[in-house]
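# The sequence and its predicted three-dimensional model are supplied below.
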Number of protein chains: 2
Amino acid sequence: MIYESILEQLSTQSCKLTLQRRELLKILIRAKTPLAAREIYDRMLKKYPHMSFDTVYRNLNLLQDLHIVNRLDFQEGRSRYELNRSQDHHHHLVCLKCGGTWKLKACPLEGLNINNTVPEDFKVTTHRFEVFGYCRQCRKELST
Amino acid sequence: MIYESILEQLSTQSCKLTLQRRELLKILIRAKTPLAAREIYDRMLKKYPHMSFDTVYRNLNLLQDLHIVNRLDFQEGRSRYELNRSQDHHHHLVCLKCGGTWKLKACPLEGLNINNTVPEDFKVTTHRFEVFGYCRQCRKELST
DNA sequence: TCCCAAATCAGAATGTTTCTGATTTATATT
DNA sequence: AATATAAATCAGAAACATTCTGATTTGGGA
């Protein structure tokens, strides 16, 4: 469903539906949490053992440009990627110990006073918001 | 004033007040915008031409641990650093074209519904919020 | 002045991301 | 079904930020 509609979108942009590209999409659709390029690459190697790492990056960048994928940064020294599901705009809660992530529905741009603080002549295109800390499990482990 | 109080703080932590460390602090205090490690290094080279890049990073990490410096990420492929001036908690507005930054006083954590969306058993330590787009000047240049 | 932990230096190493140039492939057309 | 070709892939190198290593120097207390 999502998969097919993305393939269609790619076709209309005259992008080829290569096996590698399809596999990358399937991995992102299956993912329960944002993945690092390295993690995606490792999963793809299982099906395509001769994959080039470069292919992962090229496709992630392409999908980003088409707004099919979001690039995220959780201060880990590398990016993570997630499918951009429309109607599911969200931000993240990130555990600094285990790297676990949870969705935050609250969005600062929906808050009241943002429009007062951003100058009118500044054209806003995107924003980021992340909350960091320690999840229940990791809190326990820290105190023992 | 700020400079002296930081030196004092460093002393009490039994950190040595090396010339390089002092110079790095002065650069951060002078800075009108968050600086990349590379930019800091370039400025330090003028005074200490034999500086090691490593020294910049080591000190930035130290100062970060002591909450004297904030590490920021503006999706540029490298971090930027700014002095953590207490009583001036803020976020940033970032121009995607020129890299210019402006302070945003609004903070999402002060908003209403955050406490409802973060689970109680999650220990929040930090957060990030950035707004990206194009500044007045760069908007003009894009449309011509 | 002496001592030594802390800091620095120089250069190598690590890890992520991008580039290059040759080869392969998806797909539109015949 | 065969062909042409732009797009995509591969393999490896390169670029870049950041961290590490091991030898040397230095700030600051005794």
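That came through, no problem.

# Now name the helix or strand holding residue A:127.
Using DSSP states H and E, residue A:127 sits within strand A:123-134.

# Tell me how many other residues crowd the closest residue to residue A:124 other than its chain neighbours.
Nearest residue to residue A:124 in three dimensions, chain neighbours excluded: residue B:133, at 4.2 Å (Cβ to Cβ, 6 or more residues apart in numbering or on different chains). For glycine as for every other residue, the C-beta is placed from the backbone atoms N, C-alpha and C. Look at residue B:133: counted by other Cβ atoms under 10 Å in any protein chain shown, it has 18 neighbours.

# Surely residue B:133 is in contact with residue B:97?
No. Using Cβ atoms under 8 Å, residue B:133 is not in contact with residue B:97; the gap is 9.4 Å.

# Need the overlap of contacts for these two.
Residues touching both residue B:133 and residue B:97 (Cβ atoms under 8 Å, 6 or more residues apart in numbering or on different chains): none.

# Show me how chain A divides into domains.
Domains of chain A are assigned by automatic domain parsing as A:1-86, A:89-144.

# Can I get those in CSV including mean pLDDT and distance to DNA strand C?
Listed next are the domains of chain A as CSV, based on pLDDT from 0 to 100; distance: least, Cβ to the nearest atom of the strand, whole Å:
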stretch, mean pLDDT, distance to DNA strand C
domain A:1-86, 96, 3
domain A:89-144, 88, 12
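
# Turn those into CSV, including distance to DNA strand D.
Shown next, in CSV, are the domains of chain A (distance: least, Cβ to the nearest atom of the strand, whole Å):
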stretch, distance to DNA strand D
domain A:1-86, 4
domain A:89-144, 14
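
# So which bits of chain A are right by chain B?
Within chain A, the positions near chain B by Cβ under 8 Å from any Cβ of the partner chain are A:71, A:73, A:75, A:93, A:95-96, A:102, A:104-106, A:108-109, A:111-114, A:116-119, A:121-136, A:139.

# hmm, 7 Å instead?
Applying Cβ under 7 Å from any Cβ of the partner chain, we find that chain A lies next to chain B at A:73, A:75, A:93, A:96, A:104-106, A:108, A:111, A:113-114, A:117-118, A:121-136, A:139.

# Name the residue most distant from the centre of chain A?
Distance from the C-alpha centroid of chain A peaks at residue A:144, with 33.3 Å (Cα atoms, centre = their mean).

# Quick check: the gap between that one and residue B:141.
Separation of residue A:144 from residue B:141 (Cβ to Cβ, to the nearest Å): 57 Å.

# Show me the strands in chain A, by range?
A:35-36, A:69-73, A:79-83, A:91-95, A:101-104, A:123-134 (DSSP state E).

# Can you say which of those is packed in most?
When the strands of chain A are scored by mean count of other Cβ atoms under 10 Å in any protein chain shown, the highest mean neighbour count falls to strand A:91-95 (a mean of 22).

# in its sheet, what does that strand sit against?
Note on strand A:91-95: by DSSP bridges, its sheet partners are strand A:101-104 (antiparallel), strand A:123-134 (parallel).

# How far off centre is it?
Taking Cα atoms, centre = their mean, to the nearest Å, one finds strand A:91-95 lying 12 Å from the centre of the chain it belongs to.

# how big is the angle separating it from strand A:69-73?
Between strand A:91-95 and strand A:69-73, the angle comes out at 40 degrees (axes from the mean of the first three to the mean of the last three Cα atoms, to 10 degrees).

# which residues are contacting strand A:91-95?
With contact meaning Cβ atoms under 7 Å, 6 or more residues apart in numbering or on different chains, strand A:91-95 is reached by A:72, A:74, A:101-104, A:107, A:129-135, A:138, B:118, B:122.

# swap in stretch A:55-74?
The contact list for stretch A:55-74 (Cβ under 7 Å, 6+ apart) reads A:6, A:9, A:13, A:15, A:20-21, A:24, A:28, A:34, A:37, A:40-41, A:44, A:79-84, A:92, A:94, A:130, B:73, B:75.

# Same question for stretch A:123-130.
Residues contacting stretch A:123-130 (Cβ under 7 Å, 6+ apart): A:74, A:91-92, A:94, A:108-109, A:118, B:96, B:108, B:127-134, B:139.

# What count of nearby residues applies to the residue nearest to residue A:26 when sequence neighbours are not counted?
Spatial nearest neighbour of residue A:26, excluding adjacent residues (Cβ to Cβ, 6+ apart): residue A:3 at 6.7 Å. The number of residues packed near residue A:3 is 12, by other Cβ under 10 Å.
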